[in-house]
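Trainee: coords please:
(one chain, ligands or ions: 1)
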Amino acid sequence: MEKIKVGSVSYLNARPLLYGLQRSEELMQQMELIEEYPAKIGGMLIEGSIDVGLVPVAVIPKMKDWHIISDYCIGATGDVASVCLFSEVPVEQIETVLLDYQSRTSVNLCKVLLKHHWKIQPRIVETTGEDYRSKITGTTAGVVIGDRALEQRLVSPYIYDLATEWRKMTGLPFVFAAWIANKPLPESFVAQFNKANGIGFAHLEEIIAANPFPVYDLHKYYTENISYDLTEEKRKGLKLYIEYLRQMEESKKLAV
Ligand SMILES: C=C(O[C@@H]1C=C(C(=O)O)C=C[C@H]1O)C(=O)O
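Mentor: Numbering: from 1, shown residues only. Okay, the predicted model is just below:
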C-alpha cells in the first residue's frame, strides 16, 4: 500500500505534536513525514503532493475538499510570542510592512488587523528570502513567524503580537495551523494519528532538552504561548478569520 504523505511545519512549535507520531512504529509504517516551512507545506497540500499537513489555515479557501483530522492545532489564546509585527516605530508611524515569505496565515492576519483593527494603510511588500529581516528598520516594519520571530524579539523595539491583537479585536482565540487533509483518509489512521498527536505533551521536558534554544524559554512557549487544543472557541476564531479572508478576496475582485 502506498504511504500517506504527511507534511508538517518545521518549526519548534510543531515538536510536541510530532513527538508521538515519530515514535509510533505502526503509524510510521503507514506514513511518510515531510517537514518544511508553512507556506511550502500549504502549497504542497493544495497541489496534492501531500495528503495531509499541519498547514496554514489560510489555505482553506483555496481547497476544493478539506478535512480537519485532528483535535490539535497551532493556536493561541493570548500572546503567541512567535507571530508578530516587528518595528522600530509605533504602529501609527509605520509606512511599509514586509510580509514573511514563510507564512500564509499570519501575513493575511496582519492585513486584516491593519484594515479593521489599526485602521492604517501602509505599503505592503511581499518578500522571497531571509534577507528581508535586515530591512526591518526605520518606518519599515515586518511580519516574522516561527523560531525566527523568537530571535527577532531580541532585535526590534516594538513588538505587536498578532494573536493578542486579534483577541483585542474579536475577543476570540486564534488558529494559525491545523492538520488538514485534501481527501478523506482511513478512519483507523485518523484515530491513531490524533492519539499520537497528544503524546508529546507528557514529554515536554525531554523535547526541550533535545532542542536547545537559548533565545526564548521553550517551557513558556509550549505551555503559555502556543495553545494546542482545537477547542470550540478556537473553531469560532477560525471561522471568523476565514470570513475575513473571503471578504478580502471579494474586495480584490471588485477592485480589478
Ligand atoms: C504560531 C505560529 O504559527 C505558524 C504560522 C503560520 C502562518 O503564518 O502561515 C503557519 C503555521 C504555524 O506554524 C508560528 O509558527 O510562530
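
Trainee: Show the residue spans covered by the strands in the chain.
Mentor: Using DSSP state E, the strands of the chain run over residues 4-9, 31-36, 52-56, 67-76, 83-87, 96-99, 123-126, 140-145, 158-161, 174-181, 227-229.

Trainee: which of those is buried the deepest?
Mentor: strand 52-56 (a mean of 29; mean count of other C-beta atoms under 10 Å). For every residue, glycine as well, the C-beta is placed using N, CA and C.

Trainee: picking up where we left off before, in CSV: the strands of the chain, plus distance to residue 199 and mean pLDDT.
Mentor: Shown next, in CSV, are these (distance: least, C-beta to C-beta, whole Å; pLDDT from 0 to 100):
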stretch, distance to residue 199, mean pLDDT
strand 4-9, 15, 98
strand 31-36, 15, 98
strand 52-56, 15, 98
strand 67-76, 11, 98
strand 83-87, 25, 99
strand 96-99, 35, 98
strand 123-126, 38, 98
strand 140-145, 25, 98
strand 158-161, 29, 98
strand 174-181, 15, 98
strand 227-229, 12, 98
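
Trainee: Redo the ones you listed as JSON lines? Include distance to the ligand.
Mentor: Shown next, in JSON lines, are the strands of the chain (distance: least, C-beta to the nearest ligand atom, whole Å):
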{"stretch": "strand 4-9", "distance to the ligand": "4"}
{"stretch": "strand 31-36", "distance to the ligand": "11"}
{"stretch": "strand 52-56", "distance to the ligand": "3"}
{"stretch": "strand 67-76", "distance to the ligand": "5"}
{"stretch": "strand 83-87", "distance to the ligand": "5"}
{"stretch": "strand 96-99", "distance to the ligand": "10"}
{"stretch": "strand 123-126", "distance to the ligand": "14"}
{"stretch": "strand 140-145", "distance to the ligand": "4"}
{"stretch": "strand 158-161", "distance to the ligand": "10"}
{"stretch": "strand 174-181", "distance to the ligand": "3"}
{"stretch": "strand 227-229", "distance to the ligand": "10"}
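
Trainee: Just give the closest residue to residue 117, not the sequence neighbours.
Mentor: Nearest residue to residue 117, sequence neighbours excluded (C-beta to C-beta, 6 or more residues apart in numbering): residue 169, at 4.4 Å.
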